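In: got a predicted structure here, sequence first:
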Amino acid sequence: MPKKDKDTPLSQEALVKEVCRRIRVARSYWDAHNNAACRHERDRALQLYNTLTPEQKEQIPQVLRVWLRYRSEKYFGAHRTPPQSKSKRSRK
């Protein structure tokens, strides 16, 4: 079975599935309190989500769309303090 090339564009159905998968992965990281991984995966999901047409967005389950919007605005919005790198944190 040949490996998929990362640069190959996804078909419409595959793109919707990939967005759903990434949102679910981000939710699992959120539930595990792994905020850095959640932020990274959520950014990837949002990037793909923003490429979808309105019809494709309707194919994504509402629970996932609501979670993505809610987490994006409330916890990761521009009004929030960005994460610090590990080297800049004060050590006690």
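Out: Now that the structure is in, tell me what you want to look at.
In: packing partners for the longest helix anywhere in the chain?
Out: Secondary structure assigned by DSSP state H gives helix 12-31 as the longest helix of the chain. Applying 3 or more Cβ pairs under 8 Å, 6 or more residues apart in numbering; DSSP states H and E, we find helix 12-31 packed against helix 35-49, helix 54-59, helix 62-74. Where you see a C-beta, it was placed from the backbone N, CA and C, and this is true even at glycine.
In: now do the buried residues in that helix.
Out: 15, 16, 19, 20, 22, 23, 25, 26, 27, 29, 30 (16 or more other Cβ atoms under 10 Å).
In: pLDDT and distance to residue 67 for these - can I get that in TSV?
Out: Formatted as TSV, the buried residues of helix 12-31 follow (pLDDT from 0 to 100; distance: Cβ to Cβ, whole Å):
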residue	pLDDT	distance to residue 67
15	92	19
16	93	16
19	94	12
20	95	11
22	95	12
23	94	7
25	95	12
26	92	8
27	92	6
29	93	12
30	90	8
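In: leaving out sequence neighbours, find the closest residue to residue 44.
Out: residue 22 (5.4 Å; Cβ to Cβ, 6 or more residues apart in numbering).
In: so where's this protein shaky on pLDDT?
Out: Low-confidence segments of the chain (pLDDT under 70): 1-9, 71-92.
In: assign residue 51 to helix, strand or coil.
Out: Classification of residue 51 by DSSP: H, G, I helix; E, B strand; the rest coil places it in coil.
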